[in-house]
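Trainee: Need the 3D shape of this:
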Amino acid sequence: MAFSTWCIYAAVAFAAIISPGPAVFLAISNSVTFGWRRVSYSSLGNILGLLVVSGLAMAGLGALIKASAAVFTAVKLVGAGYLIYLGVRQWRSRASLFTQAEHPAAAGPRSNVQIFAQGLLVALTNPKAILFFTALFPQFLRSDQELAPQFLILTATFMGFSFLSLMVYGLLAHAARDWFAVESRSAWFNRISGSVFLVLGLGMLRLKAGRA
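Mentor: Residues are numbered from 1 along each chain as shown. Presented below is the predicted three-dimensional model:
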């Protein structure tokens, strides 16, 4: 793969990754609830999900989802339902996320494995990610060269950018924790972050096959 081609791909991937989405808001929520360092577990789950999604897209699932309305609808409903569930739970929460961040035990039993699985599920249940990989990869792959090395380079680049982006978002949220420690501000944070998950979930319901 030519370095100039990789640079173009990296710029496109970076622009897509830094745009706030479900994984970003999950990282922010986990940061203020459980602490910045534990964001790494949901971030690792997310990039593993991206690896699976990109692999499935390369294997043809992306084309299947584009061709089959039933398959696309099933994946979309699972993803949207999970985001809406996160939103309702966050909106109804009366506890201060920022107080919980100082006392992780108060946040309830949430193991590192559960945080990892949460990040993984957010990535796996996002049909938009599958459509993104399906639409993006063919533009940067050269059919006259081996596909495996190209796939690994492009996917690793995307995963690396994604992990770093989520950790930075988590760090910024952690830094702003003290400002939000006031009860009224933390309550608004719960409602705003819950609303974001709800909007993302409802927006996913409107996603149509063939639109990245």
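Trainee: Longest helix in the protein, please.
Mentor: In the chain, assigned by DSSP state H, the helix with the most residues is helix 147-175.
Trainee: What are the buried residues along it?
Mentor: 150-151, 154-155, 158-159, 161-163, 165-167, 169-170, 173-174 (16 or more other C-beta atoms under 10 Å). Placement of C-beta: from N, CA and C, glycine included.
Trainee: And for stretch 45-61?
Mentor: Counting neighbours by 16+ other C-beta under 10 Å, stretch 45-61 gives 45-51, 53-54, 56-58, 61 as buried.
Trainee: now do stretch 3-17
Mentor: 5-6, 9, 13-14, 16-17.
Trainee: Next: stretch 112-122.
Mentor: 115-116, 118-122.
Trainee: just to revisit the earlier point, where helices are concerned, which of the buried residues of stretch 45-61 count?
Mentor: Using DSSP H, the buried residues of stretch 45-61 in helices are 45-51, 53-54, 56-58, 61.
Trainee: Which member of those is positioned nearest residue 199?
Mentor: Comparing those against residue 199 with C-beta to C-beta picks out residue 46 as the nearest, at 19.5 Å.
Trainee: can you pull the contacts of the closest one?
Mentor: Contacts were defined as C-beta atoms under 8 Å, 6 or more residues apart in numbering; by that measure residue 46 touches 23, 26, 119-120, 122-123, 162-163, 166.
Trainee: what does residue 55 give?
Mentor: residue 155 are the contacts of residue 55 under C-beta under 8 Å, 6+ apart.
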